[in-house]
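Undergrad: take a look and give me a structure for this.
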Amino acid sequence: MSPKKRWGVFWFIVGVHILAFAAVVTFTWEGLFALVALWILTGMGITIGYHRCLTHRSFKTWEPIRLCLALLGMSAGQGTIAEWVSMHIKHHVKSDTEEDPHSPHYGGFLRAHIKWLWEPFTTEQKSALFRRYGRHIVEDPTLWFLSEPKVYIAWMLFTIILIGLLGFLWGGPRICLSVLVYGVVLRLVVVYHITWLVNSATHLWGYRSFDTDDDSRNNWIVALLAHGEGWHNNHHANQMVANHGQRWWELDTSKIVIRLLAFFRLARNVYWYNVAKQKVEVLYRSLDQEHAGAS
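TA: Predicted coordinates for the structure are as follows:
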């Protein structure tokens with residue numbers, strides 16, 4: 001029997017988009033604030049947490065901070081750590097080939113942007129994906145525990161309840177409803193599409209600073225929306241480095257946060273691309289060997 005489409009994922013995405021229309025009749029300034037604040041927090045949970053820290057291990061940090069980054073990434077509602085990390089590493093290994101999970105050159109823009117999310121994906125295929133591309137997550141007790149579907153769902157429910165409670169304490173039932181619609185539903189839709197644009201738009205439109213084997217491109221619009229992730233050709237050329245924006249005019253807010261973490265010694269072994277010297281450098285070289293061993 002051939003595997004079936006993931007209809008649960010499909011209907012969840014459809015449902016969230018339908019519910020987002022409630023924003024038209026529930027607007028408050030408090031709700032808008034919740035949307036912007038949580039776009040920044042959960043968006044960076046993906047860009048700094050899921051992507052640069054847990055997937056590419058562009059830097060190391062202390063366990064409480066790594067845990068906070070992981071939980072912020074989970075709050076974005078884009079799947080478990082193990083699935084997100086493994087799928088992204090596969091994307092790099094198979095980039096813009098038929099085996100790429102979301103290349104716009106195989107199936108078109110819509111498949112790369114959203115349709116790939118509900119394509120057939122069996123339990124056996126997921127286990128093989130984790131073993132092949134996410135072994136460092138599987139072998140990490142904390143991250144593997146957080147990747148349990150029940151833990152992931154429980155965390156998502158907890159964040160929704162917490163956001164609603166904060167909204168209620170802020171201004172009663174009306175503000176609670178507005179904060180839930182804007183801070184949860186609409187924010188999910190916004191962060192979803194911003195992340196999906198990295199998969200779709202940055203393999204179609206933009207400029208190339210490096211001659212990579214794929215069709216990755218630097219797209220400034222996506223970079224502004226996705227906290228620096230739109231400098232995608234830079235990233236594909238130097239996957240482990242923390243700074244996707246590598247020239248002074250390539251704004252990368254995730255890079256700025258990582259620099260601040262490093263300044264306060266909360267991040268170490270930060271892999272950095274030095275444009276002037278055209279090479280990868282490592283902050284705090286005394287820990288370089290430790291980072292390489294962990295990779």
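Undergrad: distance of the nearest residue to residue 90 once chain neighbours are set aside from residue 50?
TA: Spatial nearest neighbour of residue 90, chain neighbours left out: residue 133 (4.9 Å); criterion: C-beta to C-beta, 6 or more residues apart in numbering. Bear in mind the C-beta positions are built from the backbone N, C-alpha and C, glycine included. The spacing between residue 133 and residue 50, counted by C-beta to C-beta, to the nearest Å, is 14 Å.
Undergrad: quickly find the element holding residue 272.
TA: strand 271-274 (DSSP states H and E).
Undergrad: about what we covered before: who has more neighbours out of residue 133 and residue 50?
TA: Neighbour count, other C-beta atoms under 10 Å: between residue 133 and residue 50, residue 50 has more, with 25 against 21.
Undergrad: confirm that that one sits in a helix.
TA: Yes: under DSSP: H, G, I helix; E, B strand; the rest coil, residue 50 sits within a helix.
Undergrad: who's in contact with it?
TA: Applying C-beta atoms under 8 Å, 6 or more residues apart in numbering to residue 50 gives the contacts 70, 73, 76, 78, 81, 84-85, 88.
Undergrad: on that earlier part again, what's the spacing between the residue nearest to residue 90 and residue 84?
TA: From residue 133 over to residue 84 the distance is 11 Å, taken as C-beta to C-beta.
Undergrad: repeat that for residue 266.
TA: Taking C-beta to C-beta, one finds residue 266 at 23 Å from residue 84.
Undergrad: picking that back up, what touches both of residue 133 and residue 50?
TA: Residues touching both residue 133 and residue 50 by C-beta under 8 Å, 6+ apart: residue 85.
Undergrad: the next helix or strand along the chain from the strand holding residue 272 pairs with which strands?
TA: Toward the C-terminal end, the helix or strand that comes next after strand 271-274 (DSSP H and E) is strand 279-282. Neighbouring strands of strand 279-282 in its sheet, by DSSP bridges, are strand 271-274 (antiparallel).
Undergrad: ok, and for the strand it pairs with, which residues are buried?
TA: Going by neighbour count (16 or more other C-beta atoms under 10 Å), the buried part of strand 271-274 is 271-273.
Undergrad: count of residues packed around residue 183?
TA: Counted with other C-beta under 10 Å, residues neighbouring residue 183 total 27.
Undergrad: pretty sure it sits against residue 28.
TA: No: using C-beta atoms under 8 Å, residue 183 is not in contact with residue 28; the gap is 10.8 Å.
Undergrad: what about the helices in the stretch 101-250 of the chain?
TA: Under the criterion DSSP state H, counting those that start in this stretch, the stretch 101-250 of the chain contains helices at 108-113, 123-133, 135-138, 141-146, 149-180, 187-200, 220-225, 232-237.
Undergrad: tell me which of those helices sits most buried.
TA: helix 232-237 (a mean of 25; mean count of other C-beta atoms under 10 Å).
Undergrad: check what contacts it and list those residues.
TA: Helix 232-237 has contacts (C-beta under 8 Å, 6+ apart) with 92, 95, 198, 202-203, 206-210, 212, 214, 216-219, 222, 229, 241, 244-246, 250, 273.
Undergrad: what pLDDT does the model give residue 97?
TA: pLDDT, residue 97: 95.
Undergrad: does it count as helix, strand or coil?
TA: Taking three-state DSSP, the label given to residue 97 is coil.
Undergrad: can you tell me the closest non-neighbouring residue to it?
TA: Distances taken as C-beta to C-beta, 6+ apart put residue 103 closest to residue 97, at 7.0 Å, once the chain neighbours are dropped.
Undergrad: how many residues are close by the one you found?
TA: Residue 103: 24 neighbours (other C-beta under 10 Å).
Undergrad: distance of it relative to residue 79?
TA: Distance from residue 103 to residue 79, by C-beta to C-beta: 19 Å.
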